[in-house]
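*Asks:* 3D model of this:
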Amino acid sequence: MKQFKYISIIFFAFTFTLVSCESFVEGINDDPNRPEKADAANMFQGIILANQFWHNGEANRIGMIWMNQATGSDRQYLALNNWNNITASDFDSPWGFAFVSVITQARLASEDAKLSNNLTLQGAIQVLEANSFGTATSLWGDIPFTDVNSGIESPTYENQVDVYNKIQSLLDDAIVNLESGIGFIEEDLTEPVRDIIFEGEVSKWIALAHSLKARYYLHAKDYQNALTEANLGISIATDDVKGIFGSTYGTDMNPFWSFMVFDREGYMDAEGAYAQNLLNPTESDYRGNSKTDETARFNFNYSGNSPSTSGKFGRAADMPLVTYGEMLLIIAEAEARTNGLSAGVTSYNTYRNILNTGYSIGESNSGFGGFSLKYDPYNDSDFQNGGIENSDNIDPTNALLREIYQERYVYFIGHFESFTDFGRTKNIAEIKLKSGFNGTPQRLLYPQTEINSNTSLPGIIEVTVPTTVNN
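*Replies:* Okay, the predicted model is just below:
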């Protein structure tokens with residue numbers, strides 16, 4: 001028995017020594033710069049940044065050129081003026097940003113937030129996921145939804161109508177999670193802030209979710225629900241969601257400035273662009289009248305026919321993503337469509353009133369370049385036959401809708417919504433596209449990466465074919 005005790009003690013000591021040695025070397029080969037897994041809180045800001053970059057990147061510039069808000073003027077951008085010249089590989093990067101950098105990461109982070117019982121953070125992440133999905137389906141039509149990040153090699157493409165419905169459900173879930181009071185978006189604002197949009201203010205994330213619901217109901221032509229959600233959405237200019245870009249090349253530099261001035265100077269400008277002519281008081285297409293002066297907005301958007309340092313596409317400009325102005329324009333359109341001319345005019349005047357304060361025309365909504373602002377209220381008679389907004393005697397409500405969509409066209413310069421509007425409304429705004437090309441641009445091509453790898457791809461669909469909701 002005594003000998004057994006000694007053997008046991010020696011065995012225990014040997015075992016303890018082995019465990020201690022293993023503990024000492026445990027993790028010695030782990031690279032702290034390549035973690036196997038990040039938690040939701042640490043992934044959150046990366047998802048925000050990826051989302052804003054893909055909404056202000058290559059596909060956005062192509063849309064601007066096709067919508068005649070800009071002109072491709074050199075090398076491959078000269079060819080991009082003709083939407084028939086586009087190739088599938090041109091959309092590999094935008095697709096990757098949307099589905100890998102945003103949606104896949106959002107789904108991973110959302111699951112981690114759920115497992116951590118941080119429902120509030122999960123809700124904010126779901127809003128970003130919905131934003132990326134909504135833009136993607138508006139641009140490509142049928143897209144994968146349920147199967148994304150499921151491990152399935154060839155994710156199934158789902159009908160665009162079904163995708164919009166699932167986005168609405170995703171946003172409903174986001175709102176429930178944000179309203180739950182369980183968890184937080186930002187725990188300590190004395191630390192570096194991860195939520196660079198709202199600094200953890202949950203009520204603003206809820207308003208953003210309603211704003212996106214309004215946008216996607218509008219895409220689907222559900223105007224009553226669009227009106228309801230827009231009234232619950234962003235309700236003050238200071239809550240506008242903007243892409244914030246800093247510390248590129250050692251200085252603030254948004255992607256438009258980076259491309260047009262620093263990286264590819266001369267590839268893209270506004271020479272002859274219809275949007276510029278609409279805003280230029282010296283052009284025959286000028287949209288101003290006795291109640292509207294677009295001089296300040298023209299200079300803000302197109303000063304010197306290239307980005308000025310302080311204009312809309314200036315070096316440090318924050319690019320609008322989801323805004324109060326968009327909500328007011330959705331309300332104006334939906335009121336006109338559901339409640340008639342007078343209701344639409346009243347709501348549209350609410351929007352024009354904030355333009356008179358300098359909203360969206362200058363840094364910090366302060367106007368631009370010392371030019372006067374004039375956006376006087378319209379009357380119903382202005383849209384009646386022979387009125388200043390109906391010289392061609394069309395239906396008065398249609399005349400109002402034409403004006404609202406023309407306003408959306410110039411308000412959304414540099415934003416995907418102007419491209420979506422063109423297809424959805426059958427060009428109510430009467431935009432003049434570049435001439436001499438076949439058809440009109442209605443969608444983006446599926447990327448070459450999907451053509452090569454996804455057997456579920458619905459086929460090669462040309463740029464000029466409308467998406468399902470726009471047929």
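*Asks:* strands of the stretch 151-300 of the chain, residue ranges please.
*Replies:* Secondary structure of the stretch 151-300 of the chain, counting by DSSP state E, counting those that start in this stretch: strands at 157-158, 241-243, 268-269, 292-293.
*Asks:* hey, least reliable of the ones you listed by pLDDT?
*Replies:* Lowest mean pLDDT within the strands of the stretch 151-300 of the chain: strand 268-269, a mean of 89.
*Asks:* can you list the strands that that strand pairs with?
*Replies:* Partners of strand 268-269 in the sheet, by DSSP bridges, are strand 71-72 (antiparallel).
*Asks:* surely Phe44 and Thr120 touch.
*Replies:* No - if you go by C-beta atoms under 8 Å, Phe44 and Thr120 don't touch, sitting 11.4 Å apart. All C-beta spots, glycine's among them, are computed from the backbone N, C-alpha and C.
*Asks:* now do the shared contacts for these two.
*Replies:* The contact sets of Phe44 and Thr120 overlap at Ile185 (C-beta atoms under 8 Å, 6 or more residues apart in numbering).
*Asks:* so between those two, which is more surrounded?
*Replies:* Phe44 (24 against 21; other C-beta atoms under 10 Å).
*Asks:* low-confidence ranges in the stretch 1-150 of the chain?
*Replies:* 1-37 (pLDDT under 70).
*Asks:* on that earlier part again, out of the strands of the stretch 151-300 of the chain, nearest to Ile175?
*Replies:* Among the strands of the stretch 151-300 of the chain, the nearest to Ile175 by C-beta to C-beta is strand 241-243 (16.1 Å).
*Asks:* got the buried residues for that closest one?
*Replies:* Val241, Lys242, Gly243 (16 or more other C-beta atoms under 10 Å).
*Asks:* do stretch 66-76 as well
*Replies:* Buried positions in stretch 66-76, judged by neighbour count with 16+ other C-beta under 10 Å: Trp66, Met67, Asn68, Gln69, Ala70, Thr71, Gly72, Ser73.
*Asks:* for stretch 190-201, same thing?
*Replies:* Residues of stretch 190-201 classed as buried: Arg194, Asp195, Ile197, Phe198, Gly200 (neighbour count, 16+ other C-beta under 10 Å).
*Asks:* touching, the first one and Ala40? I think so.
*Replies:* No - under the criterion of C-beta under 8 Å, Arg194 is not in contact with Ala40, lying 10.0 Å apart.
*Asks:* looking at the buried residues of stretch 66-76, which is nearest Asn131?
*Replies:* So of the buried residues of stretch 66-76, ranked by how close each gets to Asn131 (C-beta to C-beta), first place is Met67, at 20.7 Å.
*Asks:* that closest one contacts Lys432, correct?
*Replies:* No - Met67 is beyond contact range of Lys432, at 10.3 Å (criterion: C-beta under 8 Å).
*Asks:* please list all residues in contact with Phe97.
*Replies:* Counting by C-beta under 8 Å, 6+ apart, the residues that Phe97 touches are Ala50, Phe53, Trp54, Gly57.
*Asks:* JSON lines for those, including secondary structure and distance to Asn231?
*Replies:* JSON lines is the format used below for these (DSSP: H, G, I helix; E, B strand; the rest coil; distance: C-beta to C-beta, whole Å):
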{"residue": "Ala50", "secondary structure": "helix", "distance to Asn231": "30"}
{"residue": "Phe53", "secondary structure": "helix", "distance to Asn231": "31"}
{"residue": "Trp54", "secondary structure": "helix", "distance to Asn231": "29"}
{"residue": "Gly57", "secondary structure": "coil", "distance to Asn231": "31"}
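*Asks:* what domains does the record give for this protein?
*Replies:* 39-237+439-471, 272-317+323-437 (automatic domain parsing).
*Asks:* you'd agree Gly387 is in a strand?
*Replies:* No - assessed by DSSP: H, G, I helix; E, B strand; the rest coil, Gly387 does not belong to a strand; its assignment is coil.
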